[in-house]
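Engineer: Generate coordinates for the sequence data below:
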Amino acid sequence: MTTLASDTAMIMAAGMGKRMRPLTATQPKPMVRVAGKALIDHALDRLEEAGVARAVVNVHYLADALEAHVLDRAVPKVTISDERAQLLETGGGLIKAQGQLPDPFFCLNADNIWLDGPRNAFADLSARWNADEMDALLLLVGHAQAANFAGQGDFYMDPVGRLQRRQPGRIAPFIYTGIQLVSHRLLRDAPQGKFSTNILWNRAIEEGRLFGLAFTGQWFEVGTPQAIAPTQDALQRG
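Structural biologist: Below is the predicted model of the structure:
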């Protein structure tokens, strides 16, 4: 059995959920239900199954409702990173929560739904992790494993797993699932206030320290109301 690289995950749950409107007019996106369960509960259940003990959840939009929903949970034990005063985007959110996070830590989006392959996603990331070489290890899927996804992909990956960005006008074979394992080294000398994690990833790419891992399971893009029904159908089948 693989020992996990971290006992803690950051769940990014502070966004406005604009693409999920009108379902997010009165509830935060992480509480939209898919297959009878709130999106964030799908993520928390996967963390529990993998043996991740703690989850730090950032909140901003309709924060009171989301906070009340997750704080009753025993496993993983949830603590809050409060962004009520200012939405900090992905990078700023990580920096604000950094004091609650060990080195390394898992990070995932609150709207992630996936079906694991032979081994769970967090065990897969842990088995591949190399702190000497990596600032972050991103879980990636190919287009065939990315249900509801209609984009051009995000990354190219070389034979040892180092990542490069998709080139303009091209298709990249790998899509970022929203799940990663992150070293505090990635967060060093970060900008102040709100900013995207892409800034930190770009530096890691330049330094040859952003790596990817091809996921062995199935991942579902659940960004719009139209994606809910096909996702529910797939989950019921599999």
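Engineer: Residues in a beta bridge with the nearest residue to Gln145 once chain neighbours are set aside, which ones?
Structural biologist: Among residues not flanking Gln145 along the chain, Gln218 sits closest, at 5.4 Å (C-beta to C-beta, 6 or more residues apart in numbering). Just so you know, the C-beta spots here come from the backbone N, C-alpha and C atoms, and that holds for glycine as well. Gln218 has the following beta-bridge partners by DSSP bridges: Leu115.
Engineer: pretty sure Gln218 contacts Ala121?
Structural biologist: No - if you go by C-beta atoms under 8 Å, Gln218 and Ala121 don't touch, sitting 11.1 Å apart.
Engineer: So if I had to pick from the two, which one is more boxed in?
Structural biologist: Ala121 (26 against 18; other C-beta atoms under 10 Å).
Engineer: Quick one: residues contacting the more buried one.
Structural biologist: Applying C-beta atoms under 8 Å, 6 or more residues apart in numbering to Ala121 gives the contacts 46, 50, 114, 139, 177, 179, 215, 217.
Engineer: got the residues you listed as TSV, with secondary structure columns?
Structural biologist: Below are those laid out as TSV (DSSP: H, G, I helix; E, B strand; the rest coil):
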residue	secondary structure
Arg46	helix
Ala50	helix
Trp114	strand
Leu139	strand
Thr177	strand
Ile179	strand
Phe215	coil
Gly217	coil
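Engineer: hmm, which two among the residues you listed are most spread apart?
Structural biologist: Across the contacts of Ala121, the longest distance by C-beta to C-beta is 14.6 Å; it joins Ala50 and Thr177.
Engineer: quick one, what contacts the residue nearest to Leu186 when sequence neighbours are not counted?
Structural biologist: What sits nearest to Leu186 in space, not counting adjacent residues and going by C-beta to C-beta, 6+ apart, is Asp135, at 4.1 Å. Applying C-beta under 8 Å, 6+ apart to Asp135 gives the contacts 182-183, 185-186, 200, 204, 207, 209-210.
Engineer: got it, and Gly15?
Structural biologist: 29, 60-61, 87.
Engineer: For Ala97, state which of the residues you listed is nearest.
Structural biologist: His60 (12.5 Å).
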